[in-house]
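Participant: Whatever this is, show me its structure:
(chains A, B, C and D)
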Amino acid sequence: MQDQNKFNYIIQQADNCLILGQRLAELCGHGPVLEQDIATTNISLDLIGQARLFYQYAAELQEEGKTEDDLAYLRDAWDFKNVLLVEQPNGDFGKTIFRQFLYDTFSCYFYEELMKSSDERLASIAAKSHKETLYHMKWSGDWVIRLGDGTEESHNRIQQSVNELWSYKDEIISVNAVDQEAEKAGYGVSLELIKEKRNEKIKAVLEEATLTTPEGDYAHKGGKEGTHSEHLGFILADLQFLQRAYPGNEW
Amino acid sequence: MQDQNKFNYIIQQADNCLILGQRLAELCGHGPVLEQDIATTNISLDLIGQARLFYQYAAELQEEGKTEDDLAYLRDAWDFKNVLLVEQPNGDFGKTIFRQFLYDTFSCYFYEELMKSSDERLASIAAKSHKETLYHMKWSGDWVIRLGDGTEESHNRIQQSVNELWSYKDEIISVNAVDQEAEKAGYGVSLELIKEKRNEKIKAVLEEATLTTPEGDYAHKGGKEGTHSEHLGFILADLQFLQRAYPGNEW
Amino acid sequence: MDTALLEQHFNEKIDQDIRIEPKDWMPDHYRKTLIRQISQHAHSEIVGMLPEANWITRAPSLRRKAAALAKVQDEAGHGLYLYSACETLGVDRDDLFADLHSGKAKYSSIFNYPTLTWADMGAIGWLVDGAAIMNQVPLCRASYGPYARAMVRVCKEESFHQRQGYEIMLTLCNGSDEQKKMAQDALNRWWWPSLMMFGPTDKDSKHTEQSMRWRIKRFTNDELRQKFVDVTVPQAELLGLTVPDKDLKWNEERGHYDFGEIDWKEFFNVISGNGPCNKQRIEARKSAWDNGAWVREAANAHAEKKAKRKAA
Amino acid sequence: MDTALLEQHFNEKIDQDIRIEPKDWMPDHYRKTLIRQISQHAHSEIVGMLPEANWITRAPSLRRKAAALAKVQDEAGHGLYLYSACETLGVDRDDLFADLHSGKAKYSSIFNYPTLTWADMGAIGWLVDGAAIMNQVPLCRASYGPYARAMVRVCKEESFHQRQGYEIMLTLCNGSDEQKKMAQDALNRWWWPSLMMFGPTDKDSKHTEQSMRWRIKRFTNDELRQKFVDVTVPQAELLGLTVPDKDLKWNEERGHYDFGEIDWKEFFNVISGNGPCNKQRIEARKSAWDNGAWVREAANAHAEKKAKRKAA
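Facilitator: I've put the predicted structure just below:
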């Protein structure tokens, strides 16, 4: 392994992309409007694409001859370092949207910073991903506004989702040892900086959406250290089944 | 293998027990009344118990040194010979009940006949299982009546489930080559005989429940030949995950 | 102009392969037939997303997962073009959905079969998209402009999907014994339903003659079916798979493959609602629609509010 | 008799270890305290079904699946006995449920932690049931008759569950490296929450003194916690596992293990609703209850119809 911390750093974001992409993939064919079905499928596709770029790079750093698929399909739940937010169930469209918005308002500013990474490969993955994420954030933000400032029902529903997901908001910008070392080494970003921009964006959108910011700032944590919710095991049971059942094949 | 047809015959019923037991296990802790939560859990437990007795016997006949767990955890979907009925989703309590009733009205009379099997081991498993199944059929039948002759809502709901499940009713008493040879050889039962008793019981209970017998007698088939619904793959992904992910361990 | 003259003019355009456009006069029956045909095709794209979506979360590699997502997304896109083409004929997309959900409108019956293994993702691409292309390529020259143009886009993507499906089959056939078994099992299950995709035999096909006259159908069902068999059998051989038809053999004299009798009882059974997944598919579409009602209402309400604010 | 006399008589019975029975006079505060304590215990059984139910469909052998089903069924049964004991004090089960669903009533906070691997099924049996038994065995001699009798049944089954859980851990610890890692990981996550099960330290425990006076509590929180640590540490050693507490060591002088400070901030955080699964658990119970409303109504309506028919 060339650089264990860099590997860990990349895996954190790769896992975020994969698990959220997988969650969105569950919705394929079940959207409320054909255009939005296409949108969620498209975001899922972008996320899987980003996950692949990160895993490919991580596998190279690992120098064990492994592939992107080994990393996605043959690690156990405790090896996954995604935040709890992205493994939360889809719920109704409002919950899907708000989960997405909380993720997009991280990833967009995260990639914006990561584009300046001292690691050129990371900078280039970030540049590609940033373009996609700009569109995602526009989409999810617009829908938060539409649902918040739509009908009474839609307002209540998405407010409910805002309240539910609020405690999953901040893990993604909480700094762990891996983040610290990555920032110090110059290939990682300052989460503090992202936090500020993100909070501003969230505030502005909630306001325009006429939604109430929940009180309390308790943040669920654990995912970044590999301690997940009960959902991840079921996600992986589907995701990894074929590779687990028929190991060592080409597909 | 001592007797391939006997093996196949046993597997058919073992798989019915396992898959229905697994479906009911999903409900554990989520019942509408504590007493009924206990009842479904208990039936699940009985079914898993029956499955074990059948798989153990099948594994012995197979003479490959395999265990009950090899048969449950390491066969692929197309190797499973359960009927489509038992893999149908739980739905609401009414659907769970009617699926159970359709199964119980088979298994109860099936075991009653199988008790007379020329194969003593099968006869003894059947005797034990028959006692359990009598209680199951009483329970599910009583609930069909309670829901059918309860409120307007409950009547409509269970009628809906009756209509939905009706086309999954008859596969379980349809005779395939394995059944034919088993009956001829003396260790299997006459499904014709069971069909008659069963139809009578179903008719009587629907009548008392003030429910309408659906028209049309189209029967979905495939399970007994290993061609399943899309549900089975997901059931097995959960059921088999640990054995697939960590092969060859004791648990 | 009176109707007879209009109709004469219309027929001349058809005969000269001049495209009919939305604003042109057209016979009522032509319009209705087109609406039925195009919406049925659109519904097939939308319902057809479901059997494949069923394996996306379980795709065995990230590359395949991405490809499957892209494919299903394309199908939704095809649905969009086709519903739009249909709307140029004066119907509303929501009304078309209502007909789908009520069972009044049909969709390709092949999607009433379940996807049971990963190999089905290969078989659907190879066989189902293959059959679809046979049906659709001639429609790129359909007499109705918006339909023909939609088909051009659709066909381009479909043939990409078809190659992708074949490549999945190829990978499996070069793989482990279980993978080969998966591939053969998928061919066994999808072969006959694929042949049924071309519709009843010519003698039982009630719309063919008129539709061919109007150039919204260019070949008969049996012609297309024969062509599909002729193209597909050598592909199966290349994969090392056995087509599940004991009557299949090359007929030197005809220059075509002879093949066995289709189980028309099964065909009509599935069409009439008794396929393995009919209820499941419609239920999935209906519940997506019903569960989405509040979202659509919210979007409308918000758009109105916004417009009002702008006006104020 | 006036209240003072009644109370004197009640206290005498308590002192002589004579059981209080439902029809006996009892102080209002005694009744209320019992209702709170017993219903909290009943709720813990019911909510406690959920983390274990989470692994039943994924149990790695049929024997373990059957055992897990039986265990969860027992817990539901315990819930039933305890709700019944509670009802002898003049409350209604449905009202107790309402308090659980509204968040007014508490349940053991340990069930707000997730079950993340199969080893958690072992750890819960070994540690959580182990701690529960420590708490509950003394309650078999509680002053209130129906409660004491319910506890006798409960404790018998719990100790079976505890052995079963330990045996799961033992099998894992004798297994592959991954299995050992699972077992250690489970101990790491469940150790401290298990110690928290005994409640706040004695100096912060507001009910202890009165409850001990009434003999519905027989030992203090800290006494029980110490006993649990003393019994459990050697069991962990036998498994070859490391208890995640760097301050843990045998104190020859005290004849007990010394152990580290509990993170009381986490304890109160989880109790106040911020545990990893608080919302999920209550949501699961509420939705089971709400989705079951029509079933309960139907059962009542049917019973009434039947009774009417009988009367006619």
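Participant: show me where chain C has strands.
Facilitator: Here chain C has its strands, by DSSP state E, at C:249-251, C:256-258.
Participant: What degree of burial does C:S205 show, as a neighbour count?
Facilitator: For C:S205, the neighbour count with other Cβ atoms under 10 Å in any protein chain shown is 16. Yep, even glycine has a C-beta here, placed from its N, CA and C like the rest.
Participant: Could you verify my assumption that it touches C:S211?
Facilitator: No. Using Cβ atoms under 8 Å, C:S205 makes no contact with C:S211, being 9.2 Å away.
Participant: C:I282 and chain A: what is the separation?
Facilitator: 13 Å (Cβ to the nearest Cβ, to the nearest Å).
Participant: sorry, back to before: nearest to chain A, out of the strands of chain C?
Facilitator: strand C:256-258 (30.9 Å; Cβ to the nearest Cβ).
Participant: Buried ones in that closest one, by neighbour count?
Facilitator: In terms of neighbour count (16 or more other Cβ atoms under 10 Å in any protein chain shown), strand C:256-258 has its buried residues at C:Y257.
Participant: so what secondary structure elements neighbour it?
Facilitator: Under the contact criterion of 3 or more Cβ pairs under 8 Å, 6 or more residues apart in numbering or on different chains; DSSP states H and E, strand C:256-258 touches helix C:221-239, strand C:249-251.
Participant: lowest-confidence helix or strand of chain C?
Facilitator: For chain C, using mean pLDDT, DSSP states H and E, the weakest element among its helices and strands is helix C:208-213, scoring a mean of 87.
Participant: Mean pLDDT for the strands of chain C - can I get that in a markdown table?
Facilitator: Listed next are the strands of chain C as a markdown table, based on pLDDT from 0 to 100:
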| stretch | mean pLDDT |
| --- | --- |
| strand C:249-251 | 97 |
| strand C:256-258 | 98 |
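Participant: Counting neighbours, what do you get for A:K203?
Facilitator: A:K203: 11 neighbours (other Cβ under 10 Å).
Participant: tell me which element it falls in.
Facilitator: helix A:191-208 (DSSP states H and E).
Participant: tally of neighbours for the nearest residue to A:R244 once chain neighbours are set aside?
Facilitator: Counting by Cβ to Cβ, 6 or more residues apart in numbering or on different chains, B:R244 is the residue found nearest to A:R244 once chain neighbours are left out, at 4.1 Å. By other Cβ under 10 Å, 21 other residues sit near B:R244.
Participant: give the contact list for B:R244.
Facilitator: A:241, A:244-245, B:73-74 (Cβ atoms under 8 Å, 6 or more residues apart in numbering or on different chains).
Participant: Derive a PyMOL selection command for the buried subset of the residues you listed.
Facilitator: The buried residues among the contacts of B:R244 can be selected in PyMOL (16+ other Cβ under 10 Å) with this line:
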select buried, (chain A and resi 241+244+245) or (chain B and resi 73)
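Participant: got a markdown table for the contacts of B:R244, with secondary structure too?
Facilitator: Below are the contacts of B:R244 laid out as a markdown table (DSSP: H, G, I helix; E, B strand; the rest coil):
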| residue | secondary structure |
| --- | --- |
| A:F241 | helix |
| A:R244 | helix |
| A:A245 | helix |
| B:Y73 | helix |
| B:L74 | coil |
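Participant: rewinding a little: can you spell out which helices and strands pack onto the least confident helix or strand of chain C?
Facilitator: helix C:28-47.
Participant: And the helix it packs on, what's buried?
Facilitator: Buried, per 16+ other Cβ under 10 Å, within helix C:28-47: C:30, C:33-35, C:37-47.
Participant: between the contacts of B:R244, which is closest to chain C?
Facilitator: A:F241 (5.7 Å).
Participant: how close does the closest one sit to A:L27?
Facilitator: According to Cβ to Cβ, to the nearest Å, A:F241 stands 19 Å off from A:L27.
Participant: need the residues of the stretch 1-150 of chain A near chain D, please.
Facilitator: Contact residues, the stretch 1-150 of chain A versus chain D (Cβ under 8 Å from any Cβ of the partner chain): A:76-78.
Participant: what about C:D247, neighbour count?
Facilitator: Neighbour tally, C:D247, other Cβ under 10 Å: 9.
Participant: what's the closest of the helices and strands packed on strand C:256-258 to chain D?
Facilitator: Closest to chain D of those is helix C:221-239 (Cβ to the nearest Cβ; 36.0 Å).
Participant: rewinding a little: farthest-separated two in the buried residues of helix C:28-47?
Facilitator: Greatest spatial distance in the buried residues of helix C:28-47: C:Y30 and C:V47, 25.8 Å, computed using Cβ to Cβ.
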